[in-house]
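1. have a look; sequence and predicted model below, questions after that.
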Amino acid sequence: MSGRKVAGLLLLCVAYLPLATPGASAQPLTHRTPNMEGTWVTSPWNLHFQFNHRFRVLGDDADVVDLFDDGVLDNSPTFTLSLGLWSPAMVGVKYVTSPAIINGTRQNEWFPYLKVAPLRSDEWSLSILGGYNTQAESFDGELAGQASVGPIELLGAVRGFTDALHTGQEGVALSGGALLRLTDYLVVGGDLGGFVAGPDTTAAWSAGIHIGIPFTPHTFSLQVSNSTATTLQEASFKGTELGGGGLVWGFEFTVPFSGFARWGRIFERGGTQERGAGTESTPVRVVEVDMREMRFDRDTIRVAAGSSVRWVNRDHVAHTTAGDDGEWSSPLIGPGETYTMRLTEPGEYSYYCTLHPFMRGVIIVEVDRSSPEDGR
């Protein structure tokens, strides 16, 4: 099958596959290798930013220690911005300022794309991505799979290009990678991928140490590779072979802007709105809700007016609780910590975690204060 047909098939699948499974959480670096995106899709209306910065030292037999002498540093950053749509789909764009792909009329590489992950379980998942690479002037697609076996995650992908590396040739590339989870926050991994049809190039590889920053949704990675950027095409060949230089060193940082109401508090001058919700050190009645396995263990609870709800974080990452309409917004609730809030006015209060918006719950406050029910 030609590269054009492969890319067209992947794009067709993006358009027509059903969207019926929940989105993933917002920590992609601990679930993917440096040159592979894996099957991760951010949650609905979560804006996610990734900054990948790679550099190399130019010159004959140059290496990283020459930075302290007369080495010339060449930078190649990749910026990625993605937005979750409905579950499980997102749109995004990658921007590379120093692409390895040569195009006589363009100097910057853009790759807008749509990604869907229609099949997902606790052990395995599949995703389909389609987009357009402006530097290669090519429609690109990727079918990716991911599976977990204990502390090991395996990744695989097949990529199709209508114009591979702006050579006028169609192309197909294969890529595979693996991750080893050392702790809840520390992961090591690597990948290898290259063209099996199209341009005759050297395969790309990468390795990295990925860190989930405790109590936050952010992740950080230290990387080494022979490819200079992370678009589908750039990650499928040894980018340094077109411009000289040896190893490419770098880092990546992710910033999910989940919970826009939380970020809006930067501009608040006074306290927060309460609208019947408040805190109290000695609540009349307390109903507990556990934060466990990235969800509220009780989706709906019923309490009497004047009672308090206590959220208990039993996960290994931080969470928050915030009303849909801004009734309240808690600070970060770290692992093992709690947050208690008293509700005085009857009504129905929908809430979510601002760090992980797919975590949602409802509190129904009733007039009768004599016998609150927990609504299990």
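-> Yes, it's here. Residues are numbered from 1 along each chain as shown.
2. quick check: which ranges of the protein have low pLDDT?
-> In the prediction, the chain carries residues with pLDDT under 70 at positions 1-27, 59-71, 215, 241-245, 258-284, 368-376.
3. all strands of the stretch 201-350 of the chain, in order?
-> 204-212, 219-225, 248-256, 277-278, 286-292, 295-296, 300-304, 308-313, 322-323, 338-343, 347-352 (DSSP state E, counting those that start in this stretch).
4. likewise for the stretch 1-150 of the chain?
-> Along the stretch 1-150 of the chain, the stretches classed as strands by DSSP E, counting those that start in this stretch are 47-58, 72-84, 89-96, 109-120, 124-133, 138-149.
5. re the thing from before, the strands of the stretch 201-350 of the chain into a markdown table, with extra columns for distance to residue 235 and mean neighbour count?
-> Glycine gets a C-beta too; all of them are placed from N, C-alpha and C. Below are those laid out as a markdown table (distance: least, C-beta to C-beta, whole Å; neighbours: other C-beta atoms under 10 Å):
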| stretch | distance to residue 235 | mean neighbour count |
| --- | --- | --- |
| strand 204-212 | 6 | 22 |
| strand 219-225 | 9 | 21 |
| strand 248-256 | 12 | 20 |
| strand 277-278 | 48 | 17 |
| strand 286-292 | 36 | 18 |
| strand 295-296 | 33 | 20 |
| strand 300-304 | 44 | 19 |
| strand 308-313 | 36 | 20 |
| strand 322-323 | 37 | 20 |
| strand 338-343 | 42 | 19 |
| strand 347-352 | 34 | 17 |
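6. hmm, back to that, need the strands of the stretch 1-150 of the chain in TSV (columns: distance to residue 335).
-> TSV is the format used below for the strands of the stretch 1-150 of the chain (distance: least, C-beta to C-beta, whole Å):
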stretch	distance to residue 335
strand 47-58	23
strand 72-84	25
strand 89-96	28
strand 109-120	25
strand 124-133	26
strand 138-149	22
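7. just name the most buried of those.
-> The highest average neighbour count among the strands of the stretch 1-150 of the chain, using mean count of other C-beta atoms under 10 Å, belongs to strand 124-133 at a mean of 22.
8. name the helices or strands packed onto that strand?
-> helix 3-16, strand 109-120, strand 138-149 (3 or more C-beta pairs under 8 Å, 6 or more residues apart in numbering; DSSP states H and E).
9. quick check: domain ranges of this structure?
-> Domain ranges of the chain: 3-258, 270-366, per automatic domain parsing.
10. coming back round to it: out of the strands of the stretch 1-150 of the chain, flag the one nearest residue 33.
-> Closest approach to residue 33 among those is made by strand 138-149 (10.5 Å; C-beta to C-beta).
11. could you point out which element follows that closest one?
-> strand 152-161 (DSSP states H and E).
12. partners of that following strand in the sheet?
-> Strand 152-161 has the following strand partners under DSSP bridges: strand 138-149 (antiparallel), strand 171-181 (antiparallel).
13. let me know the angle separating the longest one from strand 124-133.
-> Right, the one you point to is strand 138-149. 160 degrees (axes from the mean of the first three to the mean of the last three C-alpha atoms, to 10 degrees).
14. same deal with the shortest one?
-> Taking the same axes, to 10 degrees, one finds strand 171-181 and strand 124-133 inclined to each other by 140 degrees.
15. in strand 171-181, which residues are buried?
-> Across strand 171-181, burial judged by 16 or more other C-beta atoms under 10 Å covers 171-175, 177-179, 181.
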